[in-house]
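Colleague: Model the following, please.
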Amino acid sequence: MVPETYYTMLSAILFSIGVVGVLVRRNPLVIFMSIELMLNAANLALVAFGARFGAADAQVLVFFVMTVAAAEVAVGLAIIVAIFRLRRRLSVDDLSLMRW
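Modeller: So this is what the prediction gives:
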C-alpha cells in the first residue's frame, strides 16, 4: 500500500509544474495543457484523500471536474483554432490586443 503522502507530494509537484507552465509560456495550447495538468493534480489529491478517509464523494467530485475540464478544452480549442485561422499565429500577447 502506497502512503497518501506520496500521492500528495506528486499532486503538489504536478500542480507546481502546471503553474509554472501557465506563468512562463506564451502559447495558448501550452497554457491549456498546463491548466489541465493542474486540474489533474487536484483530482489526484481528491482521490488520495477520499481513499484515506473512505469517502466516495471525492471520486464523484473528480468525475464532475473531469467533465468540466473536457468541456473547457473543447471550447478553448475551438476559440484558439478560430483565432489561428484569422491571424495565422498564436500568442497570448496578441490575444490581449483583441479587446479593442
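
Colleague: remind me which residues of this protein are low pLDDT?
Modeller: Scanning the chain for pLDDT under 70 picks out 93-100.

Colleague: so what does the lengthiest helix in it touch, helix or strand wise?
Modeller: In the chain, taking DSSP state H as the definition, the longest helix is helix 57-87. Contact here means 3 or more Cβ pairs under 8 Å, 6 or more residues apart in numbering; DSSP states H and E; on that basis helix 57-87 packs against helix 28-53. Any C-beta I mention is one placed from the backbone N, CA and C, and that applies to glycine too.

Colleague: Name the nearest residue to the most centrally placed residue in the chain, ignoring sequence neighbours.
Modeller: In the chain, the residue lying closest to the centroid (Cα atoms, centre = their mean) is residue 36, at 2.0 Å. Spatially, and ignoring its direct neighbours in sequence, residue 36 is nearest to residue 69 (6.2 Å; Cβ to Cβ, 6 or more residues apart in numbering).
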